[in-house]
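Visitor: Below are the sequence and a predicted model for it; my questions follow.
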Amino acid sequence: MKILIELLSKLCVYALFWLCLISPLLSNAQKDSIRSVVNPIEPLESLIDSLVNKGMKAYHVPGVTLAIVSDSQFVFTKAYGLANIEEKIKVDKARTGFRIASITKTFTALAAMQLAEQGKLDLHAPVGNYMPDDDFDFLDDRPF
């Protein structure tokens with residue numbers, strides 16, 4: 001399990017690194033030029049395929065689904081590899097589920113920091129301030 005978590009962590013870091021390189025293509029400053037292209041990712045698809053395949057091979061990842069979103073719209077989705085190695089079942093981007101283990105903590109922390117940045121969440125306030133009273137009345141006023 002530790003190896004799987006390590007591999008997923010490395011793959012996520014690898015993917016985020018490359019998405020950071022690609023994201024300027026989808027920035028607000030370039031929206032007008034992108035609109036003239038039918039699919040803004042299309043010119044980068046072979047690069048994306050190459051990076052994903054190299055990452056999968058380097059970290060021994062059998063299957064991946066990649067989605068790139070801009071302005072709440074999918075601009076690229078693709079499945080790579082196998083969902084089931086023994087039965088040689090390919091990853092289906094619409095139906096294959098991936099267990100993500102503890103990686104959700106990262107997304108939760110990111111969301112909390114964004115809310116704090118917007119002034120909607122006080123990181124020093126007791127967590128009970130943000131929970132419905134009926135379900136979490138066992139929480140006292142002490143911070144965790």
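Guide: Arrived safely, thanks for sending.

Visitor: Poorly predicted segments of the chain, please.
Guide: For the chain, the stretches flagged by pLDDT under 70 are 1-39, 132-144.

Visitor: can you pull out the strands in it?
Guide: Along the chain, the segments classed as strands by DSSP state E run 63-70, 73-84, 89-90.

Visitor: Would you convert those strands into JSON lines that also reports mean neighbour count?
Guide: Yep, even glycine has a C-beta here, placed from its N, CA and C like the rest. JSON lines is the format used below for these (neighbours: other Cβ atoms under 10 Å):
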{"stretch": "strand 63-70", "mean neighbour count": "16"}
{"stretch": "strand 73-84", "mean neighbour count": "15"}
{"stretch": "strand 89-90", "mean neighbour count": "12"}
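
Visitor: can I get the ones you listed in CSV with distance to Thr106?
Guide: Shown next, in CSV, are the strands of the chain (distance: least, Cβ to Cβ, whole Å):
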stretch, distance to Thr106
strand 63-70, 17
strand 73-84, 22
strand 89-90, 28
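
Visitor: Ok, which of those comes nearest Gly128?
Guide: Nearest to Gly128, of all those, is strand 63-70, at 33.4 Å by Cβ to Cβ.

Visitor: Quick one, which of the strands of the chain gets closest to Glu45.
Guide: Closest to Glu45 of those is strand 73-84 (Cβ to Cβ; 7.4 Å).

Visitor: so which of the strands of the chain gets nearest Leu121?
Guide: strand 63-70 (23.4 Å).

Visitor: residues in contact with the closest one?
Guide: With contact meaning Cβ atoms under 8 Å, 6 or more residues apart in numbering, strand 63-70 is reached by 11, 15, 19, 22, 26, 40-41, 48, 52, 55-56, 74-83, 90-91, 93, 96, 98.

Visitor: got the angle for it vs strand 73-84?
Guide: Put simply, strand 63-70 runs at 180 degrees to strand 73-84, going by axes from the mean of the first three to the mean of the last three Cα atoms, to 10 degrees.

Visitor: Neighbouring strands of strand 63-70 in the sheet, and parallel or not?
Guide: strand 73-84 (antiparallel) (DSSP bridges).
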